[in-house]
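Undergrad: Below: sequence and its predicted model.
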Amino acid sequence: MVKYRITLTAEERAALEQLVTVGKAAARKLTHARILLLADTASEGQTDQDIADALGTSVPTIARVRQRFVTQGIAAAVNHRPQPPRPDQVKIKGNVEQELVRLSCSDPPQGRCRWTLCLLADEMVALGLLPCVSRETVRQALKKTPSSPGSSTSGASRRTPTLSSSGGWRT
């Protein structure tokens, strides 16, 4: 494992100390600034394990901050690196979602008393609505729809009146 050595200039050290002293920044930014200050070879030059124990962080985090400082500079080491954009994770939407609800409200296949999530997922692929879909994706799509066959209210269970202890009916 390559160990990246950190040597801060006087201006960098002053800026980091100012950032930590003021304390008006994100916790991650302050932790990374403290890591750089403790890892500076001009000062004590502590080991990664000592820094991890002192700051309550992990050794791999310290290694990543060291590497980013050496390869990309102080701004990249201290500031939060934004996450890469994620692809659209919702596979079932629009017409496909309507078809799923229609299918789930229809009669189940021969020999079955009800639709299962796996059956619905397989049927959606068989109909050519999606190239592949998991039962969890089908579950999430059905969960967000307010449809409940045979009921005018949304939700899985109906409220039924119960007899209270005082003898009156309570809903």
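TA: Yep, it's here.
Undergrad: From here on, just use CA atoms for contacts and neighbour counts.
TA: Will do.
Undergrad: Tell me how this protein divides into domains.
TA: Domain segmentation of the chain under automatic domain parsing yields 10-78, 95-144.
Undergrad: which one of those lies closest to residue 4?
TA: domain 10-78 (5.8 Å; Cα to Cα).
Undergrad: what about that closest one, how long is it end to end?
TA: For domain 10-78, the first and last residues are 17 Å from each other (Cα to Cα, to the nearest Å).
Undergrad: mean confidence for it?
TA: Taken as a whole, domain 10-78 has an average pLDDT of 90.
Undergrad: just to revisit the earlier point, so which of the domains of the chain comes closest to residue 85?
TA: domain 10-78 (18.4 Å).
Undergrad: follow-up on the earlier one: format the domains of the chain as TSV; extra columns: mean neighbour count and distance to residue 84.
TA: As requested, the domains of the chain are exported to TSV (neighbours: other Cα atoms under 10 Å; distance: least, Cα to Cα, whole Å):
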stretch	mean neighbour count	distance to residue 84
domain 10-78	16	15
domain 95-144	14	23
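Undergrad: Would you mind putting these into CSV with distance to residue 3 alongside?
TA: Conversion of the domains of the chain to CSV gives the following (distance: least, Cα to Cα, whole Å):
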stretch, distance to residue 3
domain 10-78, 8
domain 95-144, 43
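Undergrad: gap between the closest residue to residue 58 other than its chain neighbours and residue 146?
TA: Leaving aside its chain neighbours, residue 58 sits nearest to residue 52 (5.4 Å; criterion: Cα to Cα, 6 or more residues apart in numbering). Taking Cα to Cα as the criterion, residue 52 is separated from residue 146 by 49 Å.
Undergrad: Likewise for residue 57?
TA: 44 Å.
Undergrad: Repeat that for residue 78.
TA: Relative to residue 146, residue 78 is positioned 45 Å away (Cα to Cα).
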